[in-house]
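In: sequence and computational prediction follow.
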Amino acid sequence: MRTTLILAAFFVLCASGAHADPCTAPVTGYKAGAVVTGAVRYVGDADSLCIGQGSDPKTWIEIRLADFYGPELNAAGGRAAKQTLVDLTKGKEAVCTVRQSDRGAKTYSYDRLIAQCRIDGASLGDLMRGADVKEGGNGRSTR
């Protein structure tokens, strides 16, 4: 019975496209104002992405955009919003300035560094809003 439940859960996750993001670099220890740069290697949803200098996911830093609060993947428009962020960023060089959470002094939220990111000088939050992506999601923004 237990094996059946585990297999069922596995197949549901696979069918839904859910998987862990590949970014595994630590995000603690960064101070507000620090700048991290790298090519956008992976986009998790409409407001999180991974940047890194090389091809090793162990060095990729996951970023939670500080200036855009995207819809959840399973919400209306969530997958399209993620695709917009992919189209705007994938493979491009991002310059991200670390920010503090609006919930306290931390500069990370779960496993993501909170930062405002720019590509070619333009804020990703502004680019997403300019692409008519509506902000949304569960809970408060980290801005």
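Out: Looks like it came in fine.

In: tell me what the most centrally placed residue in the chain is bridged to.
Out: With distances taken as C-alpha atoms, centre = their mean, residue 48 lies nearest the centre of the chain, 1.0 Å away. Going by DSSP bridges, residue 48 is paired in beta bridges with residue 45, residue 64.

In: same check on residue 96?
Out: Applying DSSP bridges to residue 96, the residues it is bridged with are residue 36, residue 117.

In: residues touching it, list them.
Out: The contact partners of residue 96, by C-beta atoms under 8 Å, 6 or more residues apart in numbering, come to 35, 36, 37, 51, 63, 113, 115, 116, 117, 118. Using the backbone N, CA and C atoms, a C-beta is placed for each residue, glycine as well.

In: try residue 40
Out: Contacts of residue 40 were listed using C-beta under 8 Å, 6+ apart, and they are 49, 50, 51, 89, 90, 91, 92, 93, 94, 119.

In: now do the same for it: its pLDDT.
Out: Listed pLDDT for residue 40 reads 97.

In: which residues sit in contact with the residue nearest to it when sequence neighbours are not counted?
Out: Of all residues not flanking residue 40 in the chain, residue 89 sits nearest, at 4.1 Å (C-beta to C-beta, 6 or more residues apart in numbering). The contact partners of residue 89, taken as C-beta under 8 Å, 6+ apart, are 40, 43, 49, 119, 124.

In: report the buried members of those.
Out: Taking 16 or more other C-beta atoms under 10 Å as the criterion, what is buried in these is 40, 43, 49, 119, 124.

In: please consider this matter closed, and thank you.
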